[in-house]
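A.B. asks: sequence? don't have it. structure:
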Ligand SMILES: Cc1ncc(COP(=O)(O)O)c(C=O)c1O
C-alpha cells in the first residue's frame, strides 16, 4: 500500500470551533469556550467574550498575558540563533540563571528541567544520592505531608495526597509515603537511619491553600537538621513572588536543603529548577541524572528576564501589601455571604471554602466573566497575576460574589 502524502492527512481549513470530542486526549474537564488572545489581566474567546483571568494559567503568568518585556526577551533569545543545544555543551544563559537563582535563594547549585513534577523527581534523586553517601542504601525513604501536591509522575504521585489521583495507577513508586502534617508525627517518623528526605510546600496550593505556620516550618527545619534528613521545599506554586516573598520560606527565616521551582519561572515557557546546598550537590556525579531540554539557552534567557523582575523589592512589597488588603476584602465578603465558610491565603494565593461544589462556582464565575480554579472539591483558588492592582482585584471579587450567590 502506498503511503498517503502528509498534506492529505491535514485538512486545509481547520474548523473555527472544533467539534467535540476532538482528537486531544480526554484528560481535562474543560468548558466549551476556546481562548484565542490575551492582554494583561484579560483573555478573549473565539466568540469575542472577555474574561478577567484570576488563574494566571495556574500560577504561571505572573505578569499577565501579552507582556511586552517577556515578548522582547523571547525575541532577543531567538535572535541569538541558539534555541537549543542539549546539555552536551555549556551556554551562558543557563550559567547566568543558575548564578541569579542561587544568589537569591542563598543555595549553591541549580539543576534545570522542564516542569514541576520533573523538578521534584530530580530533587528526590539528588536527596537520595546524598543520603546514600551518608547512611548507605537503607537511608532512602522520602516522606511528604498530608494535603501536599507534588506532581503526577510515579514518585511525585506517591508523594501527592490525592487518593483519586493515585488509586488507578498503583503500584506507585516505592519508598515514598505521605505522613500527617504535625510535629509530633514528624518527630516520630523522621528516623535518620531510613529517611532520606522530607518534602513539603510552605503554602499548600492544590491541597486547599494552606499557609503553613512559620513556627511549624522552623521546627521542621530544626528537626530535619538534627536527624540528618534533607528538607525539600516545593515552591513550584507558592514561590517566585506569589506570597510577596521571592521564596515563601523567607517568611519563616529558614533555608531548606533543596527547593523546587517551575510555573512562573520562565514567563509561560516550560521550565523547572532544583536549587540545592553544596553538601547535596557535592554527592551528585556526572550521569546521575539528566534531561535533553532542561536549561536550554532560549528558555534560560527568558527566565533571567522574569527572575530579575520578580525579585524587584517594589513588586514584592506591592504583593505583600495588596495581598493583605485582598485578604481583608475576602474576609468581609465571607462575613456578608452565607455561602462562604472560610478564606485562607497570603499575598496573591487565596482559597475560599464554599458551600456548593467548587466546580459549580468555577463555571458560574466563567459565565460572569471571571476565570478561577478550584483546589479540592469545595475550595475556590484565586491566583491573580502579580501585576493586578486593587481595582482589578475588586472587580474580580464582585464577579466572584455574583458567582457564589
Ligand atoms: C506545589 C506543586 N508541585 C508540583 C506541581 C507539578 O507541576 P507540573 O504540573 O509542572 O508538573 C504543581 C502543579 O500544580 C504544584 O502546584
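C.D. replies: Yep, it's here. For clarity, every value in this text was computed on a predicted model and none was experimentally measured.
A.B. asks: So what's the residue count around the residue nearest to residue 192 when sequence neighbours are not counted?
C.D. replies: Spatial nearest neighbour of residue 192, chain neighbours left out: residue 227 (4.0 Å); criterion: C-beta to C-beta, 6 or more residues apart in numbering. For glycine as for every other residue, the C-beta is placed from the backbone atoms N, C-alpha and C. Neighbour count of residue 227, defined by other C-beta atoms under 10 Å: 15.
A.B. asks: go on, residue 385?
C.D. replies: Around residue 385 there are 23 residues (other C-beta under 10 Å).
A.B. asks: same thing with residue 153?
C.D. replies: For residue 153, the count of nearby residues is 18 (other C-beta under 10 Å).
A.B. asks: ok, now which ones touch it?
C.D. replies: By C-beta atoms under 8 Å, 6 or more residues apart in numbering, the contact set of residue 153 is 117-118, 121.
A.B. asks: So which of those residues reach the ligand?
C.D. replies: Within the set of these, contact with the ligand (C-beta under 6 Å from any ligand atom) is found for residue 117.
A.B. asks: Output the lowest mean pLDDT helix or strand found in the chain.
C.D. replies: One helix or strand of the chain scores below all others by mean pLDDT, DSSP states H and E: helix 6-9, with a mean of 48.
A.B. asks: Could you list the residues of the stretch 201-350 of the chain in contact with the ligand?
C.D. replies: 201, 205-206, 234, 236-237, 262.
A.B. asks: Could you give me the ChimeraX selection string for whichever of the residues you listed are buried?
C.D. replies: Under the burial definition 16 or more other C-beta atoms under 10 Å, those of these that qualify are selected in ChimeraX by:
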select :201,205,206,234,236,237,262
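A.B. asks: farthest-separated two in the residues of the stretch 201-350 of the chain next to the ligand?
C.D. replies: 206 and 262 (13.4 Å; C-beta to C-beta).
A.B. asks: State the helix or strand in which the closest residue to residue 375 other than its chain neighbours lies.
C.D. replies: The shortest distance from residue 375 to any non-neighbouring residue, by C-beta to C-beta, 6+ apart, is to residue 381 (4.0 Å). Taking DSSP states H and E as the definition, residue 381 sits inside strand 379-382.
A.B. asks: need the next SSE after that strand, C-terminal direction.
C.D. replies: Proceeding N to C from strand 379-382, the next assigned helix or strand is helix 390-404, under DSSP H and E.
A.B. asks: other SSEs contacting that next one?
C.D. replies: strand 50-53, helix 313-336, strand 349-354, helix 358-368, strand 370-371, strand 379-382 (3 or more C-beta pairs under 8 Å, 6 or more residues apart in numbering; DSSP states H and E).
A.B. asks: hang on, the earlier thing: how near is the residue nearest to residue 192 to residue 31?
C.D. replies: Distance from residue 227 to residue 31, counting by C-beta to C-beta, to the nearest Å: 47 Å.
A.B. asks: For the stretch 201-350 of the chain, just list every one of the strands.
C.D. replies: 203-204, 210-211, 230-234, 258-261, 272-276, 340-346, 349-354 (DSSP state E, counting those that start in this stretch).
A.B. asks: Paired strands for the longest one, with orientation please.
C.D. replies: In the sheet containing strand 340-346, its partner strands are strand 349-354 (antiparallel), by DSSP bridges.
A.B. asks: Let me see the contact set for the spatially closest residue to residue 129 that is not a sequence neighbour.
C.D. replies: Among residues not flanking residue 129 along the chain, residue 283 sits closest, at 5.0 Å (C-beta to C-beta, 6+ apart). Each residue near residue 283 by C-beta under 8 Å, 6+ apart is listed here: 126, 129-130, 132-133.
A.B. asks: Check the gap between residue 283 and residue 40 for me.
C.D. replies: On the measure of C-beta to C-beta, residue 283 and residue 40 end up 45 Å apart.
A.B. asks: Tell me the span between the first and last residue of stretch 208-220.
C.D. replies: 21 Å (C-alpha to C-alpha, to the nearest Å).
A.B. asks: tell me the average confidence for that stretch?
C.D. replies: Stretch 208-220 carries an average pLDDT of 98.
A.B. asks: In this structure, where is pLDDT below threshold?
C.D. replies: Within the chain, the stretches with pLDDT under 70 are 1-21.
A.B. asks: Using the record, which stretches count as separate domains in it?
C.D. replies: 6-60+313-404, 70-310 (automatic domain parsing).
A.B. asks: Deepest in the core, which of these is it.
C.D. replies: Burial of the domains of the chain is given as mean neighbour count (mean count of other C-beta atoms under 10 Å); domain 70-310 ranks first at a mean of 20.
A.B. asks: what's the residue in the stretch 251-400 of the chain positioned nearest to the ligand in contact with, if anything?
C.D. replies: Among the residues of the stretch 251-400 of the chain, residue 262 lies closest to the ligand, at 4.7 Å counting by C-beta to the nearest ligand atom. Residues in contact with residue 262 (C-beta under 8 Å, 6+ apart) are 115-116, 118-119, 236, 271-273.
A.B. asks: so which helix or strand takes in residue 186?
C.D. replies: Per DSSP H and E: helix 183-189 holds residue 186.
A.B. asks: What pairs with the helix or strand just after that helix, parallel or antiparallel?
C.D. replies: Next along the chain after helix 183-189, taking DSSP H and E as the criterion, comes strand 195-200. Counting by DSSP bridges, the strands paired with strand 195-200 are strand 141-145 (parallel), strand 230-234 (parallel).
A.B. asks: want to try CSV for those strands, with distance to residue 23 as columns?
C.D. replies: Output for the strands paired with strand 195-200, formatted as CSV (distance: least, C-beta to C-beta, whole Å):
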stretch, distance to residue 23
strand 141-145, 35
strand 230-234, 33
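A.B. asks: Ok, which of these comes nearest residue 101?
C.D. replies: Among the strands paired with strand 195-200, the nearest to residue 101 by C-beta to C-beta is strand 230-234 (13.7 Å).
A.B. asks: what's the angle from the closest one to strand 272-276?
C.D. replies: Here strand 230-234 points in a direction 150 degrees away from that of strand 272-276 (axes from the mean of the first three to the mean of the last three C-alpha atoms, to 10 degrees).
A.B. asks: distance between strand 230-234 and the chain's centre?
C.D. replies: How far strand 230-234 lies from its chain's middle: 15 Å, per C-alpha atoms, centre = their mean, to the nearest Å.
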